[in-house]
Every structure is written in C-alpha cells, then in structure tokens.
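# got a predicted structure here, sequence first:
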Amino acid sequence: MRYRCPVTSDREEHKCDRCDRCLSVMDLKDKVAVVTGAAQGLGRSFVEILLKNGSKVALIDVNKSLGDELKSTLDQEYGRDRTEFFTADVTSEEDLKGALEKIVKTFGRIDILCNNAGIINEKHWEKTIAVNLGGVVRGTYLALEHMKKENGGNGGVIINISSMAGLGPLPVAPIYTATKHGVVGFSRAMAAVSKLADYGVRINILCPWFVKTSLLSSLNSEDYIERFLPLKAMSETMIQKHGCLEADVVAKAFLVLVKDESKNGDALMIDPEGAVFISFPQKAKDLPSTPVNLE
Ligand SMILES: NC(=O)C1=CN([C@@H]2O[C@H](COP(=O)(O)OP(=O)(O)OC[C@H]3O[C@@H](n4cnc5c(N)ncnc54)[C@H](O)[C@@H]3O)[C@@H](O)[C@H]2O)C=CC1
Ligand SMILES: CCC(=O)/C=C/C=C\C[C@@H](O)/C=C/C=C/C=C\[C@@H](O)CCCC(=O)O
C-alpha cells in the first residue's frame, strides 16, 4: 500500500514534524542492541520492543537464573539467533568489559546500548551509587570504545535510564535521587562530548514515573529505605493519586529516543499523563533565579 503521512496525509515527499519520512529515523532492522538489567521489568520490555522492531539483542543481567529463563522464552518467540544472554555485574569492569567483548565477537558490532540496570537501597547506599551511576558511566565508556567512529565503529545510540527522580527530589530515596540526577548530568555532558568529538553516537536519557516492576514492589521493608521509611507514604499517595505506568508503555517512549536521530542529549520524561521532552536551560545562568545582596 502506498505511504500516506499520518500527519499531513501527503503521499509524496513533504515536510512535517512527526512522520518517519520527515524525521531522520534509525532503521532498527538487524541492528545489534545491548540492554543491561535485561532479565525483568523495564529492561525486559526494552528487549522485547527492540526484537519486535527487528533488532538482535544482547541481554546482560547479574541474575543468571532470570536471564536464562528469559533467553529460553525469547528463543521460542523470536528464534535462537536473535538474542544472547550474558551474566554480568555492571559494577564490575571485568564483567562488563568481558560481556561487551563477547557481544561484539558474537554479533559483530554494537549499534544500541541501554544502560538500564538499577536498584534502590538507601541502607547500602554505596551499592546504589555503584550500580545506578557507576554502572551507567562504565557501560557508556566501554560501549563507546566499540561504537565511536574514530575507533572504526558504526556510531549509534546510547539510552541511559534515569527516573523522574532524576529531575525532581524523591524524599523517600535521597541517594537514589542523587544517582538519577547524576545519570542526567553525565549523559547530557557525554552527548556534548560525542557531538564535539564526532563519535557518531547519540546519548539520550529516559525519565519514567513509577512503573509496575519488582523494584517498586520490593520497597515495603526497612531493608531498602531504612531511615526514610516514614516518608514512603508520600510516594504511595502520589501513586494512588496518579497511578503507575506499565513497562510496555515506557518501552514506547524508549523507542522514540532510540529511533529519532535528531535527539542527542535529550531527556524524555513519561508519567501517566504522557511523554514530554524536557527543555533544559542552555547554561546554569539561564535557570530561574533570585539575586542575593552579599554586601
Ligand atoms: N520501577 C520504577 O518505578 C522505575 C524504575 N526506573 C529505573 O528503571 C531501571 C529498571 O528498573 P526496574 O525494571 O523497575 O527494576 P527491576 O528490579 O524490575 O529490574 C532491574 C534488573 O536489573 C538487574 N540488576 C540489578 N543490579 C545489577 C547489576 N549490578 N548488574 C547487572 N544487572 C543488575 C536486576 O537483576 C534486574 O533484573 C532502573 O534503573 C530504575 O532505577 C526509573 C523510573 C521508575
Ligand atoms: C515507595 C518507595 C518509592 O518511592 C520507590 C520508588 C522507586 C522507584 C521509582 C522511581 O524511579 C520513580 C520516581 C518517580 C518520581 C516521581 C516524581 C518525582 O518528581 C518525585 C516527586 C516527589 C514530590 O513531588 O514530592
């Protein structure tokens, strides 16, 4: 059937701001994607939407049993050659470096990376920093060695998973908030580096609201929230008032960041009201401010 633009209904070349012809859209067919924290939750949804769009996907997760189980399920639905599972801890340079090297050996390249692995643990907060921020930094740096054009790579896109807690404080989880703010700042800075150095790699950020996954449901004990447990009711009230997102809806927002080649250093926020790109001021000076007299 002949193409018809869903925006302007044009069938010929035209200019609009949303259709695949006018947007520079990344073709995902046979691209090689890597997802960390892939074995469940949002990571699994990102894996599935990439497979549905024709990509091959390397799954990375520290949970071997869940990863093996998902690989077996995906083999049934997509065929054994479309995915591979690699057990790795994103806090380990040796683990993640080795996994990415095996992926390049197996699939020949890396076009897409999703640094998704993340935890909430305000008690063992050093681990939260190591996974949520350290893991994103490590995954970005290691993947760029394979992806950037100056190294003979094909370029591509890196999507770092932050949170709405990366844009506004989540009082029940201050360390988690800090790590997610760090993911936003690091990713925006690395997007600028990639542009200036002509890596050919876009780096974008996804900032979801609360999503129905095991991470959210596992937070009912002091083990994770510790001294901030009395503030849990604030989050529960927000969730009761506005609801929770389904992971497959968040995956659609993820796909926008992957496919839209005009997006680099961009943050896409999604909550039950929809998805919006965040407009950051160009410089800190442009932030809303109130002068202070220091005399
Ligand atoms: N669930 C939610 O409400 C929201 C989650 N997010 C973020 O989305 C990402 C995914 O979260 P969920 O799917 O909800 O969590 P989840 O707990 O359902 O899945 C996380 C996966 O990451 C893996 N993982 C954890 N530590 C790892 C490590 N060191 N190395 C490798 N894999 C590791 C786990 O084994 C698990 O399979 C996280 O970065 C989280 O902060 C952001 C906004 C909302
Ligand atoms: C129940 C404990 C809890 O809050 C767990 C959260 C777990 C993970 C989800 C996290 O990534 C989602 C964060 C969503 C934040 C939503 C809005 C923020 O801007 C915080 C707003 C806080 C406020 O308005 O007071």
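Received it, and whenever you're ready, just let me know what you need. In this text, all values refer to a predicted model and were calculated from it rather than measured experimentally. Ligands and ions are numbered 1, 2, ... in the order given.
# ligand 2 contacts on the stretch 51-200 of the chain?
Residues of the stretch 51-200 of the chain lying close to ligand 2 (CB under 6 Å from any ligand atom) are I120, S163, M164, A165, G168, L170, P171, V172, A173. Where you see a C-beta, it was placed from the backbone N, CA and C, and this is true even at glycine.
# of the residues you listed, grab the buried ones for ChimeraX.
What follows is the ChimeraX syntax selecting those of those that are buried according to 16 or more other CB atoms under 10 Å:
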select :120,163,164,165,170,172,173
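# reformat the residues of the stretch 51-200 of the chain next to ligand 2 as JSON lines; add secondary structure and pLDDT.
Listed next are those as JSON lines, based on DSSP: H, G, I helix; E, B strand; the rest coil; pLDDT from 0 to 100:
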{"residue": "I120", "secondary structure": "coil", "pLDDT": "95"}
{"residue": "S163", "secondary structure": "coil", "pLDDT": "98"}
{"residue": "M164", "secondary structure": "helix", "pLDDT": "98"}
{"residue": "A165", "secondary structure": "helix", "pLDDT": "98"}
{"residue": "G168", "secondary structure": "coil", "pLDDT": "97"}
{"residue": "L170", "secondary structure": "coil", "pLDDT": "95"}
{"residue": "P171", "secondary structure": "coil", "pLDDT": "93"}
{"residue": "V172", "secondary structure": "coil", "pLDDT": "92"}
{"residue": "A173", "secondary structure": "coil", "pLDDT": "94"}
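# within reach of ligand 1, which of the residues of the stretch 51-200 of the chain next to ligand 2 are there?
Applying CB under 6 Å from any ligand atom to those, those adjacent to ligand 1 are S163.
# closest to ligand 1 out of the residues of the stretch 51-200 of the chain next to ligand 2?
Closest approach between those and ligand 1, by CB to the nearest ligand atom: S163, at 3.6 Å.
# the residue lying closest to the closest one once chain neighbours are set aside in helix, strand or coil?
In space, S163 comes closest to K180 once its chain neighbours are excluded; the distance is 4.4 Å by CB to CB, 6 or more residues apart in numbering. State at K180, reduced to three classes by DSSP: H, G, I helix; E, B strand; the rest coil: helix.
# confidence score at K180?
K180 carries a pLDDT score of 98 in this model.
# D20 too?
68.
# could you verify my assumption that S194 touches R202?
Yes. Counting by CB atoms under 8 Å, R202 is a contact partner of S194 at 7.2 Å.
# between those two, what contacts are shared?
N264 (CB atoms under 8 Å, 6 or more residues apart in numbering).
# pick out the residue of the stretch 101-250 of the chain closest to ligand 1.
G118 (2.2 Å).
# surely R11 is within a helix?
No. With three-state DSSP as the criterion, R11 is located in coil rather than a helix.
# quick one, strands of the stretch 1-150 of the chain?
Using DSSP state E, counting those that start in this stretch, the strands of the stretch 1-150 of the chain run over residues 32-36, 56-61, 83-87, 112-115.
# re earlier: tell me the pLDDT at the residue of the stretch 101-250 of the chain closest to ligand 1?
Looking at G118, the pLDDT reads 98.
# does it really touch I161, like I thought?
Yes. Applying CB under 8 Å, one finds G118 in contact with I161, separated by 6.5 Å.
# between the two, which contacts overlap?
With CB under 8 Å, 6+ apart, G118 and I161 have no common neighbours.
# so K232 touches I225, yeah?
Yes. K232 is in contact with I225 according to CB under 8 Å; the separation is 6.0 Å.
# more crowded one of these two?
I225 (21 against 17; other CB atoms under 10 Å).
# which ones are touching the residue nearest to the spatial centre of the chain?
The chain has I161 as the residue nearest its centroid, 3.1 Å off, counting by CA atoms, centre = their mean. By CB under 8 Å, 6+ apart, the contact list for I161 reads L42, C114, N115, N116, G118, V136, V183, I205, L206, P208.
# and it, what are its bridge partners?
L206 (DSSP bridges).
# and stretch 124-138, what's buried?
Those would be W125, T128, I129, A130, V131, N132, L133, G134, G135, V136, V137, R138, for stretch 124-138 by 16+ other CB under 10 Å.
# the fifth one reaches S92, doesn't it?
Read it as V131. No. Look at V131 against S92 with CB under 8 Å: they stay out of range, at 10.7 Å.
# check the stretch 1-150 of the chain for the residue nearest ligand 2 and tell me.
For the stretch 1-150 of the chain, CB to the nearest ligand atom, closest residue to ligand 2: I120, 5.2 Å.
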